[in-house]
Each structure stands twice: as structure tokens, then as C-alpha cells.
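>>> what follows is a predicted protein model with its sequence.
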Amino acid sequence: MGEVEDVSNRMEAQLRVHAAEDDADLPLPALFDRASHLHSLASSSSLDQEGIRKGVDLLRRCDDMVSKLGLFSSNETKEDVSTANLKYLLVPYYLGEMTEQVEQEDRIPVLKASQDHLKEFISVCEALELIPEDELQLYRQGQSETGANRRAQKVARFKRQKAAETKLQEIKERKERRGRSLRATALSAPIEAGEEDDLEADGEEEREAWLATISLALCKAFDLVDMLKKEEEMLLAVKERKEKFIALHIG
């Protein structure tokens, strides 16, 4: 029985190695597409632990590539970031979300790592002036803010989240309508003059969509950081009580 398990484990390890080799030479756009697909599956609970760990690995490599390429600078604002590069701002956010889903016996390091990635995402967005000032103030003050102010901020955050979701839906519907119109027009006559306008509209909508996606991610990141911090504090308290009990009764 042990021999069968050993063979099975070796086969699984080989499959993981081959999968990693398949991704080894991917450029950043392809690597991000693959990683974001796994993130999407994880968000809908359609991914097992093997897939989650694979997604975390791909996102770490994306993060390294973004850093080495120097895509974002501390002296830039969102207007300075090209539309093609906006999506890479989401790498640490995706990494924070997927890291949180990694299962291991000691959850505290997982919680710490996830918070670090989410805080990196928030920090970069802050530098690029993508975060509303009132949200930033509450984030900096942390638990010192009053309960009433925190409730008001959560309401404001919820409204921003709904606005971002609405914007993304509007963009999707506009693209679908334009696509139907283009297909209908193409059947009757070529539209050379309109092609440039359509490309410009696509570019504007792509930028709008990524900015709305980042805004939505920020709302979720702030909530997730709060949740993970509370879970970490609870687990640390439990761990401390256990250590005191052991020291008192066993040590």
C-alpha cells in the first residue's frame, strides 16, 4: 500500500513540474491571463487546493515581473499608467485573495501573507491616487475610528462597490450593442470611416472597465483586510492561551 502511495505522490509531483515548465517562458500578458483565470475559478469555489497553490505561484511570478519591469512609479498618477498596464495593478490583490484560501495547519502565516499582499495593492493604488481621501483617512486611523464613523464609511464603501459594478455592467452592454450594430452594418457595406472611431471607443471602454474593476477590488480589499486582521487576532489569542496552559500544567 505504501509503495502505491509513493508512486502516486511521484506522479503528482511530476505533473506539477510539467505544468510549471509549461508556464516557465510565458510573457507577462499570457502569465497574467492564466493566473487571473485561476483566480476567477477560486472566487467561484471551483478550484481545489492544487489549483489554488498553482494560482498563487503564477501570481507571485507576475508580481516579480511587474516589479522587474518597473511598470508603476511612486511619482506617477493613474493618468500616467497606460491602459494596457492597468490590469497588472490587480496582481497583489488577486494574490492576497488566493493566498487566504491556502489551507495549512497553522493559519496565522497565511493570514499575515494575505494581508501583506492586500496592503501592497492598497499602497500602490494610494500612490497612484486611486483611493478616495475619506477611505484613506479611515484606513490610516484603523481601529481608533469611532463605531459611527466606521459604519458610515462601510455604507460609503458599499455605494462605491455598487457604482463600480453598475459601471462594469454598462460597459459590457455598450460593447454588446456596438458589436451587434457592427455585424449588422458589415452585411450591407464596409465602414472604413467608422472603424477608427470604434477602435477609440474600445480603448476608452477598456480603460473605464479596468479602473472600475480596480475600484471594486479596493472596496473588497479594505473589507478583507479588516476581516483577516480580526481572525488573526483571534487565533493569536487562542494560541497564547494554549501556550500559557501548557507552560502552567506541563512545562
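That came in fine, so what should we check first?
>>> how far is stretch 166-177 from where the chain is centred?
22 Å (Cα atoms, centre = their mean, to the nearest Å).
>>> could you pull out the buried residues of it?
167-168, 171 (16 or more other Cβ atoms under 10 Å). Where you see a C-beta, it was placed from the backbone N, CA and C, and this is true even at glycine.
>>> likewise stretch 120-135?
Buried residues in stretch 120-135, defined by neighbour count with 16+ other Cβ under 10 Å: 120-122, 124-125, 127-128, 130-131, 135.
>>> ok so, going back, so which of the buried residues of stretch 166-177 is the closest to residue 51?
The shortest approach to residue 51 among the buried residues of stretch 166-177 belongs to residue 168, at 25.2 Å (Cβ to Cβ).
>>> chain neighbours aside, what residue packs nearest to that closest one?
Nearest non-adjacent residue to residue 168, counting by Cβ to Cβ, 6 or more residues apart in numbering: residue 212, 5.0 Å away.
>>> now residue 153
residue 138 is the one closest to residue 153 (Cβ to Cβ, 6+ apart), at 4.8 Å.
>>> what's the neighbour count on that neighbour?
When neighbours are counted by other Cβ atoms under 10 Å, residue 138 registers 20.
>>> same deal with the one 10 residues further on?
Burial of residue 148, expressed as a neighbour count using other Cβ under 10 Å, amounts to 8.
>>> which of the helices or strands spans it?
helix 147-186 (DSSP states H and E).
>>> after that helix, heading C-terminal, what element do we hit next?
Next along the chain from helix 147-186, counting by DSSP H and E, comes helix 192-249.
>>> chain center to that following helix: distance?
Centre to centre, stretch against its chain (Cα atoms, centre = their mean), the figure for helix 192-249 is 6 Å.
>>> tell me the angle of that helix relative to helix 147-186?
Here the directions of helix 192-249 and helix 147-186 differ by 150 degrees (axes from the mean of the first three to the mean of the last three Cα atoms, to 10 degrees).
>>> the residue nearest to the spatial centre of the chain in helix, strand or coil?
Centroid-nearest residue in the chain, with Cα atoms, centre = their mean: residue 94, separated by 2.3 Å. Three-state call for residue 94 (DSSP: H, G, I helix; E, B strand; the rest coil): helix.
>>> so it is in contact with residue 39, correct?
Yes: using Cβ atoms under 8 Å, residue 94 is in contact with residue 39, at 4.5 Å.
>>> overlap in contacts, these two.
Common contact partners of residue 94 and residue 39 (Cβ atoms under 8 Å, 6 or more residues apart in numbering): 55, 59.
>>> report the separation between residue 64 and residue 94.
14 Å (Cβ to Cβ, to the nearest Å).
>>> same thing with residue 57?
Distance of residue 57 to residue 94, computed by Cβ to Cβ: 12 Å.
>>> swap in residue 33?
According to Cβ to Cβ, residue 33 stands 12 Å off from residue 94.
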